[in-house]
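Trainee: I need the structure of the sequence given here:
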Amino acid sequence: MSIYPSRDGSLQNSTMKIGPNLYHVDPYPIPCSFLGVLNGNSSPITIMPNANSSITAQWLKDIFIISSVSLPSPTMNPSIRDALKSWGADLTVIQLYNRGVPLGPYYAAGPYLHRISRLYRDTQEAFVFGTIPSYGTTIRYEPLCVSGGRLPMIAVPSRLYYTRTSSKPLDGVRLAVKDNVDLAGTKTSMSSRAMEELYPEKDETAPAIQDLIDLGAIVVGKTKTSQFADVEEPTVDWVDTHCPFNPRGDGYLSPNYSSSGSAAAVAAYSWLDIALGTDTGGSIRDPAGVCGVFGIRCTPGSLSMDGIFPLVRGMDTLGLVARDVMVVNDVLSAWLKHCSVVLQRSPAQPEVYKPTRVIYFTDYLYEDGSEARRLFDDVVSRLESFFGTDRTTLNLEKEWENSNPSGKGKLFLDYLIKANIILNIKGPELWQNTAKFRHDYNAKFGRAPYVNPMIRNVLAPAPSGIVLHRNLLGSLAGCPEVVIPIGQTTYDSRISERKEYMPAAITLLGPPGCDLELCTIAEKFVGTQGLRTRVKLGCNAF
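Mentor: Just a heads-up that it's a prediction; the model follows:
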């Protein structure tokens, strides 16, 4: 075991190496009465549950064990003792009278304990930086000033420290937060070097994220976003920061749009439970789909957007991504019940019951006979079985043509895409929302800030599985939308020069304000219809 204190000799930003693993030592001391057994020596130690508890070798592997273990009981199952010895852990069995000390790994120094977090390298470059809590009258965070070479390190605390209760149903849930969201003690850079240079650390955490922290969630870092959360394609549009790497397929698939850091992180890292993002025109839905994870775009207005940099205020909303649909449902349920915003249904809007129709948009069908089409048709059949109803086909183009809402006889896609409806909504708002930033930067530095360039002309692309106008339905209607990974399709990779797999996903769109009901339906659907409720890590989601 080696410990590396900071330059002033304190434990501030200290790291400890045990075997091949690095750990961060929390500088905040916890007084503890039983440390006399160490005779004043400094040592890593893990406080375990009572030996009468159900402890197995596999359970010990799930938490990290360091070089000595303390047990609050004089007896222990011999098999557990043998397992610890085989891992090179010294065993100290003592009677623990200091009941105020949570279970878990610590670094013992004198009469004090210091919490320890395992350090992981951000190999997918999904994070801007890792965070560690700075305890005071209110919880603040600070960037973790430790790197793994050119990559940031993320400090992940042991789950043993936390116990979920009715008041803290998310205690110990490991959360990543998108870098357009304010987190007290850290900067919100929006993937802009100029903005990071200009503004100091934030004094307050965005209320919606503070709600999650109050419920017990632990923020382990801030994830990358495209600049100002606008639409950017990797890597040509990403200038000030490098786009995150999507772990699926050959490792070079696009992670898509502004919540790409959050989606790439949960698809790659077992130590991360869930990540938060924002969605305006698809920034939760597309990254979740291409990274093969579950996600939800919440109803705009259902959660406070204070402390979150705006793109289009009327369409901006928060969302979540995770590998497990039950984790999404559990976190969303606790969050919406606790949040400071209450979205009231209008008296004319009925409660949500089991849907009576599966609307099947014929505008968006994949090519007949393709893997994607077979997956899609199979899932639609499962939806019919789940709801006990037949699909209802609907062609939006024909519906639009019959009603002619534009009054100009324009085709649906011509109106939305070629007429630049979204750009005409988004462009002026983004210009207004960044006006203060441009003014402040010019006032301080005497010049304009650099911002990523806009694309003026685009060659018509070939058909693909991602089409922006699909997302516009939920965005313009203000609906919640759930992303469900349903399988994967093969492609010939130019990178690996072999066949690889890319994720395939569907979305379920529901009425505004029915976020939790929609998420519950999604969980029941995948759980009863033979679909995966949890996806795998790494190159293959299934």
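Trainee: so which bits of stretch 201-208 are buried?
Mentor: Neighbour-count burial for stretch 201-208 flags 202, 205, 206, 207, 208 (criterion: 16 or more other CB atoms under 10 Å). Glycine gets a C-beta too; all of them are placed from N, C-alpha and C.
Trainee: and for stretch 213-223?
Mentor: By neighbour count on 16+ other CB under 10 Å, the buried set for stretch 213-223 is 213, 215, 216, 217, 218, 219, 220, 221, 222, 223.
Trainee: phi and psi next, for the spatially closest residue to residue 510 that is not a sequence neighbour.
Mentor: By the measure of CB to CB, 6 or more residues apart in numbering, the closest residue to residue 510 outside its immediate chain neighbours is residue 518, 3.7 Å from it. For residue 518, the backbone dihedrals are phi -60, psi -40 (criterion: degrees, to the nearest 10).
Trainee: surely residue 518 meets residue 484?
Mentor: No: between residue 518 and residue 484 there is no contact under CB atoms under 8 Å: 10.9 Å.
Trainee: common neighbours of those two, please.
Mentor: residue 508 (CB atoms under 8 Å, 6 or more residues apart in numbering).
Trainee: specify the local secondary structure of residue 300.
Mentor: Residue 300 falls in the coil class when you classify it by DSSP: H, G, I helix; E, B strand; the rest coil.
Trainee: who's in contact with it?
Mentor: By CB under 8 Å, 6+ apart, the contact set of residue 300 is 314, 315, 316, 317, 478, 512.
Trainee: what sits against the last one?
Mentor: Spelled out, that is residue 512. For residue 512, the contact set (CB under 8 Å, 6+ apart) comprises 299, 300, 343, 477, 478, 479, 480.
Trainee: next, work out how far apart the fourth one and residue 399 are.
Mentor: The one in question is residue 477. Applying CB to CB, to the nearest Å, the value for residue 477 to residue 399 is 14 Å.
Trainee: pull the longest helix from this protein.
Mentor: In the chain, assigned by DSSP state H, the helix with the most residues is helix 371-387.
Trainee: mind checking which helix or strand residue 262 is in?
Mentor: For residue 262, the host element (DSSP states H and E) is helix 260-268.
Trainee: which helices and strands does that helix pack with?
Mentor: strand 127-134, strand 174-178, strand 218-223, strand 274-279, helix 285-290, strand 317-322 (3 or more CB pairs under 8 Å, 6 or more residues apart in numbering; DSSP states H and E).
Trainee: tell me which of those lies nearest to residue 441.
Mentor: For the helices and strands packed on helix 260-268, proximity to residue 441 was assessed by CB to CB; strand 127-134 is nearest, at 19.5 Å.
Trainee: distance of the residue nearest to residue 510 relative to residue 298?
Mentor: 10 Å.
Trainee: shared neighbours of those two, anything?
Mentor: Taking CB under 8 Å, 6+ apart as the contact rule, residue 518 and residue 298 both touch residue 480.
Trainee: these two - which one has more neighbours?
Mentor: Neighbour totals were compared for residue 518 and residue 298, and residue 298 leads with 27 against 24 (other CB atoms under 10 Å).
Trainee: residues near residue 500, how many?
Mentor: Counted by other CB under 10 Å, the residues lying close to residue 500 total 21.
Trainee: wait, what's in contact with it?
Mentor: Taking CB under 8 Å, 6+ apart, we find residue 500 in contact with 249, 250, 490, 491, 492, 493, 539.
Trainee: need the contact list for the third one.
Mentor: By CB under 8 Å, 6+ apart, the contact set of residue 490 is 371, 499, 500, 501, 502.
Trainee: surely it is within a strand?
Mentor: Yes: counting by three-state DSSP, residue 490 is part of a strand.
Trainee: in stretch 139-153, what's buried?
Mentor: Buried, per 16+ other CB under 10 Å, within stretch 139-153: 139, 140, 141, 142, 143, 144, 146, 152, 153.
Trainee: residue 187 is in contact with residue 198, isn't it?
Mentor: No: with contact defined as CB under 8 Å, residue 187 does not count as touching residue 198 (9.6 Å).
Trainee: list the buried residues in the helix or strand hosting residue 337.
Mentor: Per DSSP H and E, residue 337 falls inside helix 325-338. Buried residues in helix 325-338, counted by 16+ other CB under 10 Å: 325, 327, 328, 329, 330, 331, 332, 334, 335, 336.
Trainee: state the distance from the third one to residue 334.
Mentor: Residue 328 sits 11 Å away from residue 334, taking CB to CB as the criterion.
Trainee: the strands in the stretch 351-500 of the chain, which residues?
Mentor: 358-361, 391-394, 481-492, 499-509 (DSSP state E, counting those that start in this stretch).
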